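> Model the following, please.
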Amino acid sequence: MPINIPKIMKTLVEVHGDELLVDGCFNGDPHPGNILLLPDGRIGLIDYGQVKHINEEQRINLALFVVALAEGDQQWAAEILTDRIGLKSKHTDWDTLRRRAVLLFDADTKEMRGGLNVQAYFESLDKKDPVVYMPDDYVMPWRLSIMMRGMGYALRYPISTSTLWYPTALQVLQNARIDHKKLREEAEIARASRLNRRPVGHAE
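Reported below is the predicted structural model:
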């Protein structure tokens, strides 16, 4: 039976997205050695030795983060990263925060990284605007996203985790009766107010 790489990657990423966003219980170490391709084409997942649990509020925060990235609103994603998820950086440099948001939960193309590997790119962002606080409960979700994309690169099938997790994230928000469009509008109003309060000549 020929191996259907796109189907395998789509299934893998969607299953782990459901674990993360719907169940709040996921494998934080889904490396290739923990994934089996069975003779009949099914996928087997083994070795759940690094299981992580997150609560409903955290699942909703991540769902909003996914939606913002999947819909291309990197600024809102950066604001969710700081205001809801709780990441704090030394300078609150919005360009760096937008780039960090994309790297954590969306994509990491060579073009985006300027040819650097993922670790070196992380370090370049941290040099420009160091992270001073990262909530522990979100570290494993970031790891999961990056590992899923790394597997895609290994199979020569690059993916965007936010794109593949987008339908699930929307369903999570709908089930929680959260109107993400209204939240985005509120974020835009708050952003405009913040910009109006900045001194003349100060760039966002």
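> by contact count, what packs against the helix or strand bottoming out on mean pLDDT in the chain?
Comparing every helix and strand of the chain by mean pLDDT, DSSP states H and E singles out helix 110-113 as the least confident one, with a mean of 86. Helices and strands touching helix 110-113, by 3 or more CB pairs under 8 Å, 6 or more residues apart in numbering; DSSP states H and E, are helix 94-105. Where C-beta positions appear, they are placed from N, C-alpha and C, glycine not excepted.
> Now do the helix it packs on: which elements does it pack against?
Judged by 3+ CB pairs under 8 Å, 6+ apart, the packing partners of helix 94-105 are helix 56-70, helix 74-79, helix 110-113, helix 118-128, helix 139-154.
> following the last one, which helix or strand comes up?
Yep, that's helix 139-154 we're talking about. helix 161-175 (DSSP states H and E).
> Can you point out the buried residues in that next one?
For helix 161-175, a neighbour-count test (16 or more other CB atoms under 10 Å) marks 161, 162, 164, 165, 166, 168, 169, 170, 172, 173 as buried.
> Can you tell me what sits against it?
For helix 161-175, the external contacting residues (CB atoms under 8 Å, 6 or more residues apart in numbering) are 10, 13-14, 17-18, 20-22, 59-60, 62-67, 69-71, 105-107, 145, 148-149, 179-180.
> export the following helix or strand past that helix as PDB, just CAs?
Using DSSP H and E, the helix or strand that follows helix 161-175 towards the C-terminus is helix 180-197. Taking Å, rounded to 0.1, in the frame of the first residue of the first chain, the C-alpha atoms of helix 180-197 are listed here in PDB:
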ATOM      1  CA  HIS A 180     -14.500  35.500  18.400                       C
ATOM      2  CA  LYS A 181     -15.500  38.200  15.900                       C
ATOM      3  CA  LYS A 182     -16.800  40.300  18.800                       C
ATOM      4  CA  LEU A 183     -13.700  39.700  20.800                       C
ATOM      5  CA  ARG A 184     -11.600  40.800  17.800                       C
ATOM      6  CA  GLU A 185     -13.600  44.000  17.400                       C
ATOM      7  CA  GLU A 186     -13.100  44.800  21.100                       C
ATOM      8  CA  ALA A 187      -9.300  44.100  20.700                       C
ATOM      9  CA  GLU A 188      -9.300  46.500  17.700                       C
ATOM     10  CA  ILE A 189     -11.000  49.200  19.800                       C
ATOM     11  CA  ALA A 190      -8.600  48.700  22.700                       C
ATOM     12  CA  ARG A 191      -5.600  48.800  20.200                       C
ATOM     13  CA  ALA A 192      -6.800  52.100  18.700                       C
ATOM     14  CA  SER A 193      -7.200  53.600  22.200                       C
ATOM     15  CA  ARG A 194      -3.700  52.500  23.100                       C
ATOM     16  CA  LEU A 195      -2.200  54.000  20.000                       C
ATOM     17  CA  ASN A 196      -4.100  57.300  20.600                       C
ATOM     18  CA  ARG A 197      -2.500  57.500  24.000                       C
END
